[in-house]
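Engineer: here is a sequence together with a model predicted from it:
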Amino acid sequence: MRIAVQETGVSTFPLGHSNPRVTQYHGHTNIAGYDDKASWCSSFINWSLAQVGIPGTGSALARSWLDWGQPLEQPLFGCIAVLSRDDPTGWKGHVGFFLRTDAQSIFLLGGNQLDQVCEHYYPKATVLAYRWPKST
């Protein structure tokens, strides 16, 4: 979490430009070299974990995290939260580091949230899974 928090404020650049930091995030996924106009929530999680020696999914798809690590029945601070987007049975999603919940929402620290690394909230109903690195 320390590494991810330090990235707070990294954001996409205006059309015609790209933030090289986001391109670095993509370098840890199957879309290495893409600019900041490609979805980058999963790339951010992959990059963040790589900084502390934890292998990620290597995929830019948020739902790739559904098969990563081990499932958690209840979220733990810093775990990976996988969310649905649009269609709960579709391929689209979002992923971020779990911070906390309230009655209606889950709060995540993640990339590509409001086009930046920040804390943001999502409806609890969109949560597909909470994941934690496998024990070695």
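Structural biologist: Looks like it came in fine.
Engineer: contacts only, for the nearest residue to Ala4 once chain neighbours are set aside.
Structural biologist: In this structure, Ala4 finds its nearest non-sequential neighbour in Ser48, 4.5 Å apart by Cβ to Cβ, 6 or more residues apart in numbering. Bear in mind the C-beta positions are built from the backbone N, C-alpha and C, glycine included. Counting by Cβ atoms under 8 Å, 6 or more residues apart in numbering, Ser48 touches 3-4, 7, 97.
Engineer: in helices, which of the residues you listed appear?
Structural biologist: Residues from the contacts of Ser48 lying in helices, with DSSP state H as the criterion: 3-4.
Engineer: is it possible to get JSON lines of the contacts of Ser48 that adds distance to Pro14, pLDDT and neighbour count?
Structural biologist: Listed next are the contacts of Ser48 as JSON lines, based on distance: Cβ to Cβ, whole Å; pLDDT from 0 to 100; neighbours: other Cβ atoms under 10 Å:
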{"residue": "Ile3", "distance to Pro14": "27", "pLDDT": "96", "neighbour count": "12"}
{"residue": "Ala4", "distance to Pro14": "24", "pLDDT": "97", "neighbour count": "21"}
{"residue": "Glu7", "distance to Pro14": "20", "pLDDT": "98", "neighbour count": "19"}
{"residue": "Phe97", "distance to Pro14": "27", "pLDDT": "98", "neighbour count": "22"}
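Engineer: and Ala125, that's in a strand?
Structural biologist: No: Ala125: not assigned to a strand; according to DSSP: H, G, I helix; E, B strand; the rest coil it is helix.
Engineer: tell me how far it lies from Val95.
Structural biologist: Counting by Cβ to Cβ, to the nearest Å, the gap between Ala125 and Val95 amounts to 16 Å.
Engineer: returning to that earlier point: and the residue nearest to Ala4, that one's in a helix?
Structural biologist: Yes: Ser48: assigned to a helix according to three-state DSSP.
Engineer: for this protein, which spans come out with low pLDDT?
Structural biologist: Along the chain, the parts satisfying pLDDT under 70 run over 136.
Engineer: go again using 80 as the cut-off
Structural biologist: By pLDDT under 80, the weakly predicted segments of the chain are 135-136.
Engineer: strands of that one, start to end?
Structural biologist: Along the chain, the stretches classed as strands by DSSP state E are 70-71, 80-84, 93-101, 105-113, 116-123, 127-132.
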